[in-house]
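Q: Structure, please.
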Amino acid sequence: MSSTYGENLKLSIFGQSHGPAIGMTLDGIPAGLSVDTEKLQQFLNRRAPGQNAYSTTRKEEDRPEFLAGILNDFTCGAPIAAVIHNNNTRSIDYDNLKVCPRPGHADYPAQVKYGGYQDVAGGGHFSGRLTAPLCIAGGLCKQWLEQKGILICAHISVIAGVADDPIYLDWVNPDFCSIGTDFPVTNPAAGQRMQEEIAKAKAAGDSVGGIIECIITGLPAGIGDPMFGGMESRIAQIVYGIPAVKGLDFGSGFSGSYLRGSQNNDPYTITDGKVQTLSNNAGGILGGITTGMPLVFQTAIKPTASIAMEQNTINLDEKENTILTVQGRHDPCIVPRAVPVVEAAAAIAVMDACLSAGIF
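A: Numbers count the residues shown, from 1 in each chain. Next up is the predicted model:
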């Protein structure tokens with residue numbers, strides 16, 4: 001099923017952007033794992049809409065209601081089920097989209113696949129709104145991994161061509177995980193320039209995209225499998241389920257293809273009796289299996305497809321070209337809100353791999 005992920009844990013996400021509720025079920029989680037609901041809410045707040053000038057004006061509390069699987073702040077072994085109620089929908093903005101599909105959205109291919117029965121309001125099941133239940137599952141997995149010393153955090157690497165300080169070759173320090181959650185960058189001056197570019201695009205009725213870099217530390221060597229069970233494959237499958245993700249690379253990634261092997265290889269060394277590498281171009285993965293170095297990957301996020309500018313489209317009923325002005329409330333840049341979503345996706349993939357390895 002396309003809305004289900006996992007080998008050992010089973011995550012299923014359901015709902016539509018403007019339906020009564022969205023939610024998730026998470027099965028295969030061992031009993032006895034502690035759950036901090038306040039910490040989870042803080043994590044969900046990072047993704048929630050309507051909090052600043054560079055996000056949509058749609059306001060939702062994004063407060064999950066747990067229906068099963070958690071008892072007295074501990075997992076009980078039963079499938080975990082949670083819903084988030086949608087309270088601030090405005091579906092009238094989307095009435096014409098079955099006839100006039102939006103450029104850059106799934107409206108047209110979904111029309112072909114589902115024969116006009118799909119829910120177009122807010123993007124339906126294709127909406128970025130569905131990343132909220134993904135963050136419920138990922139926020140829980142982050143907590144459980146942290147209890148094992150495995151930390152996951154991400155930052156905005158690039159927006160509109162403005163780059164934050166790169167960190168893929170070296171782990172800066174654990175304090176990186178506590179950088180500001182509203183606009184997570186390591187270089188505040190770069191963050192300010194990024195916000196200026198977002199404001200320019202918004203004023204023009206346009207949007208911008210960017211790149212998110214995610215770091216995972218504390219993973220021992222030997223996690224993952226070759227071929228289709230590799231850590232790259234596990235992470236890629238779920239990260240590509242995030243709307244607007246159009247690219248993914250690990251370690252030096254595409255830039256490494258411009259190097260020679262002598263430059264891109266990571267020499268081994270013994271430090272304090274532990275096997276390490278002098279660099280981390282591999283991004284902590286070789287042969288699909290973790291090396292014990294930080295696992296690092298970058299995710300490319302396309303510019304928000306819903307923009308206020310007039311765009312060329314078609315009228316499917318009349319079979320003719322037309323002009324579309326997209327209505328509704330949309331982010332001029334979704335990258336800042338996508339940072340915790342990437343963390344959540346990574347946490348779910350790593351949790352699944354750790355269950356395979358017997359860490360839980």
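Q: Which parts of the stretch 251-360 of the chain are strands?
A: In the stretch 251-360 of the chain, the segments counted as strands under DSSP state E, counting those that start in this stretch are 268-271, 274-277, 285-286, 289-290, 295-301, 311-315, 320-324.
Q: Would you reformat the ones you listed as CSV and include distance to residue 44, mean pLDDT and mean neighbour count?
A: From N, CA and C alone the C-beta is placed, and that goes for glycine too. Listed next are the strands of the stretch 251-360 of the chain as CSV, based on distance: least, C-beta to C-beta, whole Å; pLDDT from 0 to 100; neighbours: other C-beta atoms under 10 Å:
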stretch, distance to residue 44, mean pLDDT, mean neighbour count
strand 268-271, 38, 94, 9
strand 274-277, 35, 94, 14
strand 285-286, 29, 98, 20
strand 289-290, 28, 98, 20
strand 295-301, 19, 96, 26
strand 311-315, 32, 94, 15
strand 320-324, 33, 93, 11
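Q: Let's have these in a markdown table, adding distance to residue 63.
A: As requested, those are exported to a markdown table (distance: least, C-beta to C-beta, whole Å):
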| stretch | distance to residue 63 |
| --- | --- |
| strand 268-271 | 45 |
| strand 274-277 | 42 |
| strand 285-286 | 36 |
| strand 289-290 | 35 |
| strand 295-301 | 26 |
| strand 311-315 | 35 |
| strand 320-324 | 34 |
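Q: Out of these, which gets nearest to residue 47?
A: Ranking the strands of the stretch 251-360 of the chain by proximity to residue 47 (C-beta to C-beta) places strand 295-301 first, at 13.4 Å.
Q: And the contacts of the closest one?
A: By C-beta atoms under 8 Å, 6 or more residues apart in numbering, the surrounding residues in contact with strand 295-301 are 157, 167-168, 209-217, 219, 231-232, 235, 239, 242, 244-251, 253, 280, 283-285, 334-335, 338, 342, 346, 350.
Q: quick one, what contacts residue 78?
A: Contact analysis of residue 78 by C-beta under 8 Å, 6+ apart lists 68-69.
Q: Look up how far residue 324 lies from residue 98.
A: 13 Å (C-beta to C-beta, to the nearest Å).
Q: Quick check: residue 68 touching residue 81?
A: Yes: using C-beta atoms under 8 Å, residue 68 is in contact with residue 81, at 4.4 Å.
Q: Just want to know which of the two has more residues nearby.
A: residue 81 (19 against 12; other C-beta atoms under 10 Å).
Q: three-state assignment of that one?
A: strand (DSSP: H, G, I helix; E, B strand; the rest coil).
Q: Report the separation between it and residue 41.
A: Distance, residue 81 to residue 41, using C-beta to C-beta: 17 Å.
Q: Next, work out how far apart the residue lying closest to residue 133 once chain neighbours are set aside and residue 4 are.
A: Leaving aside its sequence neighbours, residue 133 sits nearest to residue 24 (C-beta to C-beta, 6 or more residues apart in numbering; 3.7 Å). Distance, residue 24 to residue 4, by C-beta to C-beta: 10 Å.
Q: In terms of neighbours, single out the busier of those two.
A: Counted by other C-beta under 10 Å, residue 24 and residue 4 do not tie: residue 24 has more neighbours, with 25 against 12.
Q: and residue 130, how many neighbours does it have?
A: For residue 130, using other C-beta under 10 Å, the count is 23.
Q: need the contact list for it.
A: Taking C-beta under 8 Å, 6+ apart, we find residue 130 in contact with 13, 15, 17, 22, 243.
Q: what mean pLDDT does the helix or strand the fourth one falls within have?
A: The reference is to residue 22. Secondary structure from DSSP states H and E places residue 22 in strand 21-27. For strand 21-27, the mean per-residue pLDDT is 96.
Q: so how far is it off the chain centroid?
A: Offset of strand 21-27 from its chain centre (C-alpha atoms, centre = their mean, to the nearest Å): 16 Å.
Q: Mind giving me the packing neighbours of it?
A: strand 10-15, strand 80-85, helix 131-146 (3 or more C-beta pairs under 8 Å, 6 or more residues apart in numbering; DSSP states H and E).
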